[in-house]
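Enquirer: 3D, please:
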Amino acid sequence: MGELTGSVGSRIGLHEAEDLIVRLREHDEQAFAEVFQLYKDLVYTLSVKLLSDKTEAMDITQEVFLTLFRKIHCFRGECSLKTWLYRVTLNQAANRNRWWRRRFRNQTESLSLKLKEDGHCVPDPAGNEPWPDREVYAAEIHKALQVALNELPFDQRAAVVLRDVQGLSYEEVAEVVGAEIGTVKSRIARGRERLKDRLKPYREGAAL
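Expert: Prediction:
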């Protein structure tokens, strides 16, 4: 159990974590309630960023903690409980992502189409359209970023979200996704480059 809190920054101390794992394996309901309160926001936020769907994120959050309840006996303490929950969340999100892609593989949604359907347009850097106020513009960038994230291959999306949104180190991301650090850095670099390209109209406009 010595490595239980050794990665991805657990919020609880070593002895407290060891006791919590013991109680989880005994199916102590209070222990599950404690873990849920500790990590439900983390699981939900990660799910939202990976799938851009709050309903799906709520479903995944439930599935992650059901998996914890059913499979805690499989947890060997080789990583922190938080890392393990990250992995389960990624697996659940990846499964949902594949499910949607199989059913809608021919339905692609461009950034401009998404924004227009929501009643907004990308600002015209040439100045031919009215420039939105700061709050509206910030909301547009946030929306555009989420759409662009959703267009990334899932492995790149996961790596970028874990590193740039969740704030994990490269080493921690590699541990969560089960890949070499070099592979993780490559995925993040490629993902960032794609995001930069998709958000180019905003960057050009901001430079005016």
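Enquirer: Just give me the residue right at the centre of this structure.
Expert: Closest residue to the average C-alpha location of the chain: Leu46 at 3.3 Å, with C-alpha atoms, centre = their mean.
Enquirer: okay, now the domains of the chain?
Expert: The chain is divided into the following domains under automatic domain parsing: 1-107, 108-208.
Enquirer: In contact with Val88, which residues?
Expert: Val64, Thr67, Leu68 (C-beta atoms under 8 Å, 6 or more residues apart in numbering). C-beta: built from backbone N, CA, C; applies to glycine.
Enquirer: re the thing from before, put together CSV for the domains of the chain, with mean pLDDT on each row.
Expert: Below are the domains of the chain laid out as CSV (pLDDT from 0 to 100):
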stretch, mean pLDDT
domain 1-107, 82
domain 108-208, 76
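Enquirer: Select from the contacts of Val88 the one having the most neighbours.
Expert: Most neighbours among the contacts of Val88, by other C-beta atoms under 10 Å: Val64, with 27 neighbours.
Enquirer: Who are the packing partners of the helix or strand encompassing that one?
Expert: Val64 belongs to helix 54-71 when assigned by DSSP states H and E. Here helix 54-71 touches helix 29-51, helix 81-104, going by 3 or more C-beta pairs under 8 Å, 6 or more residues apart in numbering; DSSP states H and E.
Enquirer: Tell me who's in contact with Arg190.
Expert: Arg190 touches Gln156, counting by C-beta under 8 Å, 6+ apart.
Enquirer: Next, it: secondary structure please.
Expert: helix (DSSP: H, G, I helix; E, B strand; the rest coil).
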